[in-house]
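S.K.: structure of the sequence below:
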Amino acid sequence: MPIVDLPPLPPSPARLAAVARPAAGSPPPSLDSRALLGGAREIEIVHGDKVYRLRHTRSDKLILVK
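M.R.: Now for the predicted structure:
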């Protein structure tokens, strides 16, 4: 039987509720945009069943579009 590579399913609401959240008042996690983009000028971000594009512009701005 051939092996089929399927994309992962989005997390269920119950699983999302079970994920540990930072304590109230604590700063949000920080991620350097260069690490996120990995040298690319544009990446796709999958959020649930939607796909967003994060683009690094020539004027050194970040644009997130649906």
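S.K.: beta partners for the most centrally placed residue in the chain?
M.R.: Geometric centre of the chain, nearest residue: Ile45, 4.7 Å, by C-alpha atoms, centre = their mean. On the basis of DSSP bridges, Ile45 is bridged to Tyr52.
S.K.: surely it is in contact with Arg55?
M.R.: No. Using C-beta atoms under 8 Å as the test, Ile45 is too far from Arg55 to be in contact (11.0 Å). No exception for glycine: its C-beta is placed from N, CA and C like everyone else's.
S.K.: in this structure, which ranges drop under the pLDDT threshold?
M.R.: Applying pLDDT under 70 to the chain flags residues 1, 15-22.
S.K.: can you give me the strands in it?
M.R.: In the chain, the strands defined using DSSP state E lie at 42-47, 50-56, 62-65.
S.K.: how far away is the residue nearest to the centre of the chain from Leu37?
M.R.: Remark: distance between Ile45 and Leu37 (C-beta to C-beta, to the nearest Å) = 11 Å.
S.K.: straight-line length of stretch 52-63, end to end?
M.R.: Stretch 52-63 has an end-to-end distance of 10 Å (C-alpha to C-alpha, to the nearest Å).
S.K.: run through who's touching that stretch.
M.R.: 33, 36-37, 40-46, 64-66 (C-beta atoms under 8 Å, 6 or more residues apart in numbering).
S.K.: mind putting these in JSON lines, distance to Leu9 included?
M.R.: Listed next are these as JSON lines, based on distance: C-beta to C-beta, whole Å:
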{"residue": "Ser33", "distance to Leu9": "28"}
{"residue": "Leu36", "distance to Leu9": "23"}
{"residue": "Leu37", "distance to Leu9": "26"}
{"residue": "Ala40", "distance to Leu9": "26"}
{"residue": "Arg41", "distance to Leu9": "30"}
{"residue": "Glu42", "distance to Leu9": "25"}
{"residue": "Ile43", "distance to Leu9": "21"}
{"residue": "Glu44", "distance to Leu9": "18"}
{"residue": "Ile45", "distance to Leu9": "17"}
{"residue": "Val46", "distance to Leu9": "11"}
{"residue": "Leu64", "distance to Leu9": "23"}
{"residue": "Val65", "distance to Leu9": "25"}
{"residue": "Lys66", "distance to Leu9": "21"}
